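**Student:** Show me the folded form of this:
(one chain, ligands or ions: 1)
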Amino acid sequence: MAIRIDGKAVAEKVRAKVAFEVAELKKQGVTPGLAVVIVGDDPASRTYVNNKKKACAQVGIYSEEYALPAATSQDELMELVAKLNVKKDIHGILVQSPLPNGLDEKAVVEAIHPDKDVDAFHPSNVGRIMIGNYHFLPCTPAGVIELLRSENIEIAGKNCVVIGRSNIVGKPMAMLLLHNNGTVTICHSKTKNLKEICRNADILVAAVGKPKFVTADMVKRGAAVIDVGMDRDENGKLCGDVDYENVEKVASYITPVPGGVGPMTIAMLLQNTVTAAKSQNWLK
Ligand code: NAP
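**Tutor:** Below you'll find the model as predicted:
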């Protein structure tokens, strides 16, 4: 039976470290500040934003919410980002995705100053991740690496398979595993022999967005299986991309959903906000 990696506990440790760093910064007269922008009334986005604000408050990070109506124009949103880019008490800017139809998310991400881009979605930060010279790591993949480290799971020289190639999870996940000297394969919807490729993985990361997609017959005995998915099962209950019940019988390590990667994403966002506050001398 696999060891269940407790994302809540690991995230708690990251938060405690962040709280300590925030307290140290406050002694130097700097309070890290995060602006969270939400456009429209998507209920899931509202929950994410509330959780992020609550997490900020718990570690002493100052946060501001900008809740804009769904009818907000591209120009209005760009103006807000421009204002936040030079706002001295704000070190990180997060625009909650998805934006309502008609708004150009790519343009908004590109308008955020790279030093304040705590999601690490700006092309300049994405490029930095590619060459391994980065300020910020994207929160979810960085959280996965922390989870592997928490159990001393060796990445170097291991076969790592990432299912999913999105810009926010799959691609940066593969790059971080590569920086950690893993031998990395990225799979996607056009991949042939997915099962065989997955069965070769020592570390298998699922970021597909399909409930219980990874079944036990796709997993090598003794593999570490990390489930990034946040899906709904046939009864509407939150579940991951991995068929946990059966895969845990084959794997050596496994992350649950909820309580695995999810809590790490917010913890890494807090960490990035502190990193941003430390580096923004140009604001003075
Ligand atoms: P996405 O943009 O929809 O990407 C899904 C990826 O899965 C795509 O690359 C797609 O391939 C691939 N895929 C789909 N069907 C496949 C199949 N049959 N075989 C192999 N690959 C297949 O999703 P995402 O934004 O990366 O998110 C993935 C999951 O992670 C979602 O459940 C999301 O909710 C969750 N998530 C969780 C967190 C967290 O904090 N825990 C954060 C972000 C996302 P193509 O590229 O060929 O279409």
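
**Student:** which residues in the stretch 151-284 of the chain form strands?
**Tutor:** 159-163, 183-187, 203-206, 224-227, 231-232, 238-239, 253-254 (DSSP state E, counting those that start in this stretch).

**Student:** which residues are in contact with the last one?
**Tutor:** Just to be clear, that refers to strand 253-254. Contacts made with strand 253-254 from outside it, assessed by Cβ atoms under 8 Å, 6 or more residues apart in numbering, are listed as 2-5, 151, 153, 224-225, 227, 242, 244, 247-248. (C-beta placed from N, C-alpha, C; glycine too.)

**Student:** tell me which parts of the stretch 51-200 of the chain are close to the ligand?
**Tutor:** Contact residues of the stretch 51-200 of the chain with respect to the ligand, defined by Cβ under 6 Å from any ligand atom, are listed as 140, 163-166, 168-170, 187-191, 194.

**Student:** And the residues you listed, which of them are buried?
**Tutor:** By the neighbour-count criterion of 16 or more other Cβ atoms under 10 Å, those include these buried positions: Thr140, Ile163, Gly164, Arg165, Ile168, Val169, Gly170, Cys187, Leu194.

**Student:** Please convert those residues to JSON lines, extending it with pLDDT and distance to Ser63.
**Tutor:** Formatted as JSON lines, those follow (pLDDT from 0 to 100; distance: Cβ to Cβ, whole Å):
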{"residue": "Thr140", "pLDDT": "98", "distance to Ser63": "20"}
{"residue": "Ile163", "pLDDT": "99", "distance to Ser63": "34"}
{"residue": "Gly164", "pLDDT": "98", "distance to Ser63": "30"}
{"residue": "Arg165", "pLDDT": "98", "distance to Ser63": "32"}
{"residue": "Ile168", "pLDDT": "95", "distance to Ser63": "21"}
{"residue": "Val169", "pLDDT": "97", "distance to Ser63": "24"}
{"residue": "Gly170", "pLDDT": "98", "distance to Ser63": "29"}
{"residue": "Cys187", "pLDDT": "98", "distance to Ser63": "37"}
{"residue": "Leu194", "pLDDT": "98", "distance to Ser63": "41"}
